[in-house]
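In: predicted model, plus sequence, below.
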Amino acid sequence: MATAVIMPRQGQSVESCLIGKWYKNKGDKVSAGDLLFTYETDKATFEEESKVDGILLEVFFEEGDDVQCLVNVCVIGSEGESVEEFRPVSASDSNGGQAAGQEDGSFVASAGQGDGSFVTSAGQGDGSLVSSAGLRDRSPVVSVRQGDGSPVAISPRARKLAAKTKADLRYAVPTGAGGRITERDVQAVLSEGYRSSSGDVGAVNIGTAGALRSAGALRSAGDAGGAAVSPQVDYAKLYDGKAEIAPLSNIRKFIAKAMLDSLSNSAQLTSHSSFDATDIFAYREKLKSSPESGVSSGGKTSITVTDIIIYAVSRVIIRPEHKSLNAHFLGDSLAVFNNAHIGVAVDTPRGLLVPTIFDANTMTLPELSAHTKELFDKCKQGSAPPDLLKGASFTISNLGSLGVEIFTPILNPPQTGILGVCNVIERLKNGKPYPALGLSLTYDHQAMDGADSARFLRDLIVYLESFTANLEA
Amino acid sequence: MPKIQVMDPKEIRKSGFITFSDIPVNQYKKTVKDEKEASQGAADSGFKDDDFVRIYKDMAIIREFESMLYSIKTTNVYNGVEYNNPGPAHLSLGQEASAVGQAYLLDENDFIFGSHRSHGEILAKGLSCIHKMDEKTLQGIMEEFFGGAILKVVEDKQKDVKELAVDFLVYGALAEIFARETGFNKGLGGSMHAFFTPFGIYPNNAIVGGSGTIAMGSALFKKVNKKKGIVISNIGDASMGCGPVWEALNMAAMDQYTQLWEEGYKGGLPIIFNFFNNLYGMGGQTIGETMGYNMLARVGAGVNPEQMYSERVDGFNPLAVIDAMRRKMELIKSGKAPVFLDTVTYRFTGHSPSDSGSYRTKEEVELWQEQDSLVVYGKELVDAGVCGQDRLDNIQAYVKDLMTKTCKLSIDDNLSPRIKPEEVGKLMFSNINIAKLEDLDPSSAPQSVDVLQTKEENPRVQQIAKKVRFAYDENGKPVSKIKQYQLRDGIFEAVLDKFYTDPTLVAYGEDNRDWGGAFAVYRGLTEALPYHRFFNSPISEAAIVGSAVGYALSGGRAIVELMYSDFIGRAGDEVFNQLSKWQSMSAGVLRMPVVLRVSVGSKYGAQHSQDWTSLIAHIPGLKCVFPATPYDAKGLMNSALSGTDPVVFFESQRIYDIGEQFVKTGVPEGYYEIPIGEPDVKVQGSDITILTIGATLYPALEAVKILKDNFGISAELIDARSIVPFNFDKVLESVKKTGCILLASDACERGSHIKDFAQTITELAFDYLDAPPVTVGSRNWITPAYELEDYFFPQPDRIIDAIHQKIMPLDGHVPKNNFTEIEQLRRSREGV
C-alpha cells in the first residue's frame, strides 16, 4: 500500500513550511534514505528523506509552496496504486482551482435548508472559511475532553479522516457506540463543510460538553437518514416536571446552528441609520391613485416597502465602490458578484426562510415586486424550490412591520452584509416632522471597514430619499 | 467390537484362577571367564576377546563423558578446560553397564527412545552402530549429516573412519548438550533431547515416561510397514507411575494384533519396554516409598497372558543385559512381543548436579560403588586373561584424552557456534507437501497401497455419488438434508483418497473401525482397509497421540482421532510437548505428518462441548484448522494429509451434516487442496466485518441476514478456517474497508484466540478502526445442558447486541444481552 510523506512539524509553534527544492520528480524510483525535498521554516532549512522504497507516485506541492504541517506532501508506492486518498484538500483546490459551486449558485444563502447543502461549497472554497477565526488563536488542547473531564471518544479511523480532511470535530455528532465519533460522523461534518484551518485534530478543542451537545442537537436534525442519537441528558428529569421539554423542529435546529455559526465565525457588527421615507410613501400613494400603472389591483398597490428597498439595494450595491457588500468572504479572497442576488427573510409558519431574488438589479420594480410576492407565497406554502433558498449575495430582513425600532441582524456567512429594515418613527428635520424609516446594516469587518459600510448606507439613503427620481432616471 | 468375537457369558462367568508363570529375576550369573569359555569353539554369536574389551571401552567412554560433565557442572572445569554450562545434565554415572549391554546387539535398524538421563544410551548405541557399520556407510553418514557441518569440526585425515566416527559421536552429543549449532540437533534439543537417527538413536524425552507411547508408535510403524529392527523404549522405574506408560504397554499388547490383524501382521508390537531401574524417581524411592510393585518386573506380568515376557535383569553386569537382549530379540523376531524388561542399576550421582542427596545416605551410595560395574568388569577381564591391566589403563588414558579434546572443541565459539536465533523460527514447521511418504516394496506388494477393494466398490463412495454437492437446487431451494453432500462426506473423501495414495497412512482412534467413528465420518473405511491400516485403539488418548508421534517421526503418516476436543486434556503432554515440538527440537531432522482429528461437541454438557482451538493455537509447533463447510473440510483435510506438519483438525459435531452453502459449483469430486492458513470471505459486505472460527460461522451468517434485513447494514463475513498459521491480509483489507470488526467463536471467551486475533487487528489496522474489535465467545462457564446452550454459545442475537452496544447503535434495536462496560468489568472481576 502506498505511503504518504507529510510535511513534518518542526516544533510546536510551526504551522506551515515552505517547500525548498525537490530532488525527485513524480514517477521517479526512490529508495529509503533518498533525499526527497527540502523545506524551510522561518529559522532553518530541513531535508526530508524517504522512509520507504517505491515510486514517487504523486507530488502535491511545488517548490515555494507553503504547506501546512502534517499535510501530505507526496506519495510513495507501487506502480498503479491510487493516491487519491492521500490528496490534501487544499492541494486539490490549488491545483485544480475548482472552488466548487462558485458559479452554480449553490452558495450559502438561506437558513432552513434541511438537505445539508447549507455551507457546503463555501467550506470547500477554503478550509479556513468557516472556522479559522474562532480557532486560530486558541491554545492547542492535546486531548479532547467532555465536561466531566473524560475524553470525547473518537475512533482512530475518524481521527485519521479528520486529520486528513481537516474536518472540524467540534461539529461532529457522535453516533458510534458509547458516544464515539466515528467515520460517518466526520463525513457528515465534511458534507456540511466544517473544516478547521489547523488540520490538527489534537488541537481541536471540542470545548465544553454543552457546546458539543448543542452542536449535536443541531445536527441530529439534519441527519434524518442516520441513526438517531439518544439524548445524553434526561431533561425531563432535570426539570422535574416544572417545564415541558419541547423538542426543536428540524428547521429550528438548523437555524440555531446557522446563527451560532455566523456569530462564532465572522467579525460582524451593526450600524444604524434612518432615512426620510416621505418620497417612497408619496410614490406608493401615487400608485394607489393611478391604477392604470398596472401594478395595482383593486385599488391597493402591490408594491411594498420591502420591494422598494430591495430595488434600491440592488441598484446601489452593484456600484463598484460597494462591491465588498455584494460578495462572499472566502478568508483570503472575496467573491464579488456581478449582479445583486438579494435574499429576503420571510416569516413562515415553518419558521424563518430566506428566498433569493436572483439578479434583482436587472428587474423592473413591477417585475421585482411580482417575483418577490410569488416567492414569498411559495415559502409560506412550503413549496419554495431549494435552489431559490440559497445563493444570495446580500440579505434583507424586515422587522419594521412588526414595530421593531432597531435590531442587529445576523449575517449569513459567507455573505458580508445584511440589511435590517426597521419601523417608521416620526422625527423632526428643521422643526418639521417627517417619517424616518430605520435601517440596521450588519457587515463583516473582515471584508470591509466601517467607513465602507457607512458609505453604502449613505448612498442607499440618498437613493431612497429620491426614490421616485431615481426610478424615472 | 468385531461381531465375530462373541462375549459368551458362560465363558466370562466361569470360575477359576488366573495363574502366572515365574518371572525371572537376575537369573544370569556368568562372568567374563564363563562366557569366554563358552564362546570358545562356539558359532559366530560368541564373544571374542576384543568384544569383551570393546564393552569395557564403551563403558569407559560413557563414564568419562559423564564425569566430565559432572566436573564442569560442579566446578566449571574439566582437566584444565574451563567452561560454564548453565543447561541441565542428568547423569548416568554408574549405569554404564546397562546401556552398553543393551546396545551391544543393536544396529542402526533398531530404534531406541530415551529419557532425560540418556547420555549413556546415546553413546552406547552410537558406538555399537559404529562397530557394526562398514566404513563407507559411516563416512557417508558423517558427510551428509547437516552437510558435513559436524564432521568438519572433528575431521582428522590421520584417523581411520571408525576412530573418527567415535570422535564425531562424542562431539555431536557434547556440542548438543552445550547448545551448539554443531550439535546433533543444532543445540535445539540439548542434554535431555539429544539424538542421532542415522544410528537408530531416536528422541530422548524430558518428560518422564514420554518415550513410552512414542516408542510404541515407532514399533507400530515398523510392524505396519514391515521395517527391519526392533524398538526400545528406555524409560525409568518412576515412569511406571505415569498413565501414558501404562497406556503404551496395553496398546502394544492389544489382542487384535494376534486375533484380528491379517496374516503377516500378527503378533504384538516389536518393542521392548525397558525400564532402567535405578531405584529413584528424582528423590522418590520407587521401592518402599512411591510405588507398590516391589519389583518392577511384576507389572509386565499383568498386561497380557504372555506376561510381556517380563523379567528383571542385572544392569550392573553388561553380560547379563546382553544375554537378556539376545533372548528377547529372538522372541520378538518370532512374533512374541511386546517385551517388558526391568533392568536394575544405580546412579552414583544425584538426579542432577544440584541434588543434595537428602533422600539417600552416603553409605548406600558407597555400597553400590563397591560393586561399580566398570571396576568389577575390568577386573574380570584381567582375571579371565582377556587382556592385561595395561590395556585397560591405555583405554582410560584414551577416554581422558578424547573427552579433553572434545570438550575443547565443543566450547570453542568459532568452531562450535550457536544457532542464529531467527533460524529457530524456520524450524517450527517443515511445510513440505508430499503426496506419499514412500512406495511399497513392489516385490512383495501386488498393489501400490494395501487396500481391500477399489474405491468404486466402496459402499460409502457409492452412497455419496448419489448426493447433491451444493446445498441449494437451481431454484435456490435447499436440497433435502439426506441428499446433501455433507461436511462429514468431505472429510471422508479426503481421508479415503489419501489411503489410496500413501501406503504408510494409518488411521486409528476410539471406535474408528466397524462403528465408523462416533459421528460416522469413517463409515465405509472398514470395508476398504485392512486392520493394520485402520483399527480401533484402546480408550487411551495419550497413547493414541503419542503413538502417532512415534509413527510419524519414524517415517509414516498417521491420522488419529480424539473423539471429543475435551479429551485433548487426556493427551495433554503428547499434544503439547511431543506432537508439537519434535520437528523443531530435532532441528528439522524429523518430520511430523500427523493429522489429529478432534471433534467439538454439543448437547453433552461441560466435559463434551468445548472448543479448545485456543489451547492448541497457544502451543508453538502445531497447525490448527477448523473448517465449517464441506468444501473447506475436504480441501483442508487434503492439505493436512499431504503436509509434513502436525495439524490439529477441529470438527464440529453440530455441522457434520451441513451442506455446502457457499461454493455454488458444489464440492468438487476430484482432489483439491485449500492451503492451511488462509481465511475465506464467505459473504461480501461493506459496513462491518465479522470473523468467525469454526461452526460459529452459521450463527454469524444468521446475524448477517438480520443486519441486512432489519437494519440495512452490509456485513462482510469471513471464516478463519485456520487458526495457525493465519494470513491476516484478507481480514485487514476488510477491516480497512469497513472500519469495524466483530470476532466470534465457540471457545470460552477468556483467553480465546479471537482475542489474539482482535489484538493483532487492533495493532495492524488501528488507524482504520471506527470501533474497537469486539469479541463474542462462549461464556466463561461450564457448558450447560443442551436446553440452556443458547445462553452459553454465541447466538445471532448476541452478535447483533454486541454490534449495537459496542460498535454501531442499530436503529430501534432493543438488546437482550448485556455488553456494557460495567458488566464486562464485573465478569472479569468475578472471573466468570
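Out: Cool, got the structure.

In: OK, contacts around the closest residue to chain A within the stretch 601-750 of chain B?
Out: Nearest residue of the stretch 601-750 of chain B to chain A, counting by C-beta to the nearest C-beta: residue B:739, 4.7 Å away. For every residue, glycine as well, the C-beta is placed using N, CA and C. Contact analysis of residue B:739 by C-beta atoms under 8 Å, 6 or more residues apart in numbering or on different chains lists A:155, A:157, A:182, A:183, B:768, B:769, B:770, B:771.

In: now with 6 Å, please.
Out: For residue B:739, the contacting residues are A:157, A:183, B:770, taking C-beta atoms under 6 Å, 6 or more residues apart in numbering or on different chains as the criterion.

In: mark which of those are part of strands, please.
Out: Helix and strand membership here follows DSSP state E; of these, not one is in strands.

In: show the buried residues in the residues you listed.
Out: Neighbour counting by 16 or more other C-beta atoms under 10 Å in any protein chain shown classes A:157, A:183, B:770 among the contacts of residue B:739 as buried.

In: next, format the contacts of residue B:739 as TSV and append pLDDT.
Out: Conversion of the contacts of residue B:739 to TSV gives the following (pLDDT from 0 to 100):
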residue	pLDDT
A:157	91
A:183	91
B:770	94
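
In: from these, which is closest to residue B:186?
Out: Minimum separation from residue B:186 among the contacts of residue B:739 (C-beta to C-beta) is found for residue A:157, which lies at 45.8 Å.

In: before we move on, the earlier item: return the subset of the buried ones among the contacts of residue B:739 lying in helices.
Out: Those of the buried ones among the contacts of residue B:739 mapping onto helices are A:157, A:183, per DSSP state H.

In: format the buried ones among the contacts of residue B:739 as TSV; extra columns: distance to residue B:526.
Out: Supplementary listing: the buried ones among the contacts of residue B:739 in TSV, determined by distance: C-beta to C-beta, whole Å:
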residue	distance to residue B:526
A:157	56
A:183	58
B:770	54
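
In: list the contacts for residue B:104?
Out: Remark: with contacts taken as C-beta under 6 Å, 6+ apart, residue B:104 is in contact with residue B:322.

In: go again with 8 Å.
Out: Under the criterion of C-beta under 8 Å, 6+ apart, the contact list for residue B:104 reads B:55, B:128, B:318, B:321, B:322, B:325.

In: likewise for residue B:789?
Out: Applying C-beta under 8 Å, 6+ apart, we find residue B:789 in contact with B:602, B:603, B:609, B:783.

In: roughly how far apart are the first one and residue B:231?
Out: Taking C-beta to C-beta, to the nearest Å as the criterion, residue B:602 is separated from residue B:231 by 40 Å.

In: neighbour count: those two, which is higher?
Out: Under the criterion of other C-beta atoms under 10 Å in any protein chain shown, the comparison of residue B:602 against residue B:231 puts residue B:231 first, with 33 against 19.

In: who does the more buried one bridge with?
Out: On DSSP bridges, the residues paired with residue B:231 through beta bridges are residue B:111, residue B:271.

In: name the residues of stretch B:463-482 that are buried.
Out: B:464, B:467, B:468, B:469, B:470, B:471, B:472, B:479.

In: can you get me the start-to-end distance on it?
Out: Across its full length, stretch B:463-482 reaches 11 Å between end residues, using C-alpha to C-alpha, to the nearest Å.

In: now do that stretch: distance to the chain's middle.
Out: Relative to the centre of its chain, stretch B:463-482 is centred 40 Å away, using C-alpha atoms, centre = their mean, to the nearest Å.

In: my read: residue B:753 touches residue B:723, true?
Out: Yes: here residue B:753 lies in contact with residue B:723, judged by C-beta atoms under 8 Å, at a distance of 5.5 Å.

In: quick check: neighbours shared by these two?
Out: Residues touching both residue B:753 and residue B:723 by C-beta under 8 Å, 6+ apart: B:613, B:617, B:693.

In: mind listing what the second one touches?
Out: Applying C-beta under 8 Å, 6+ apart to residue B:617 gives the contacts B:624, B:723, B:724, B:753, B:756.

In: at 6 Å instead, please
Out: Residue B:617 sits next to B:624, B:723, B:724, B:753 when contact means C-beta under 6 Å, 6+ apart.

In: what helix or strand is it located in?
Out: Element membership for residue B:617, per DSSP states H and E: helix B:613-618.

In: helices or strands up against the helix or strand just after that helix?
Out: Beyond helix B:613-618 in the direction of the C-terminus, DSSP H and E gives the next helix or strand as strand B:623-625. Counting by 3 or more C-beta pairs under 6 Å, 6 or more residues apart in numbering or on different chains; DSSP states H and E, the packing neighbours recorded for strand B:623-625 are helix B:613-618, strand B:647-652, strand B:722-724.

In: contacts for the helix or strand following the last one, please.
Out: To tie it back to what came earlier, the one meant is strand B:722-724. Along the chain past strand B:722-724, the next helix or strand (assigned with DSSP H and E) turns out to be helix B:729-738. Contacts of helix B:729-738 with the rest of the structure, by C-beta under 6 Å, 6+ apart, involve B:679, B:687, B:688, B:689, B:691, B:716, B:741, B:761, B:764, B:765, B:768.

In: farthest pair in these?
Out: Greatest spacing in the contacts of helix B:729-738, by C-beta to C-beta: B:687 and B:764 (20.3 Å).

In: when those two are compared, which one has more neighbours?
Out: A side-by-side neighbour count of residue B:687 and residue B:764, using other C-beta under 10 Å, places residue B:687 first with 21 against 14.

In: for the more buried one, phi and psi?
Out: Listed backbone geometry of residue B:687 is phi -100, psi -30, with angles given as degrees, to the nearest 10.

In: same check on residue B:600?
Out: Note on residue B:600: its backbone torsions stand at phi -90, psi 120 [degrees, to the nearest 10].

In: where does pLDDT dip in the chain?
Out: By default, I'm working from chain A. In the prediction, chain A carries residues with pLDDT under 70 at positions A:10-13, A:42-44, A:90-151, A:196-233, A:250, A:291-301.

In: I was thinking of chain B, sorry if that wasn't clear
Out: Chain B contains residues with pLDDT under 70 at B:1, B:43-45.

In: longest helix in it, please.
Out: Ranked by residue count under DSSP H, the longest helix found in chain B is helix B:49-75.

In: follow-up on the earlier one: next one: the residue of the stretch 601-750 of chain B closest to chain A from residue B:732, what distance?
Out: When C-beta to C-beta is the yardstick, residue B:739 and residue B:732 sit 12 Å from each other.

In: now do residue A:283
Out: 74 Å.

In: using the three-state scheme, assign the spatially most central residue of chain B.
Out: By C-alpha atoms, centre = their mean, the mean C-alpha position of chain B lies nearest to residue B:549, the distance being 3.0 Å. Three-state call for residue B:549 (DSSP: H, G, I helix; E, B strand; the rest coil): helix.

In: how about residue 463, phi and psi?
Out: Let's take chain A. phi -60, psi -50.

In: likewise for residue A:445?
Out: Here is the backbone geometry of residue A:445 (degrees, to the nearest 10): phi -70, psi -10.

In: one more: the one 10 residues further on?
Out: Reported as degrees, to the nearest 10, the phi and psi values for residue A:455 are phi -60, psi -40.

In: now swap in residue A:285 and tell me
Out: The phi and psi values for residue A:285, taken as degrees, to the nearest 10, are phi -60, psi -40.

In: can I see the domain layout of the chain?
Out: No chain specified, so I'll use chain A. Using automatic domain parsing, the domains assigned to chain A come out as A:3-96, A:120-258, A:266-472.

In: nope, chain B
Out: The record's domain parsing of chain B by automatic domain parsing lists B:46-419, B:455-655, B:680-830.

In: okay then, goodbye and thanks.
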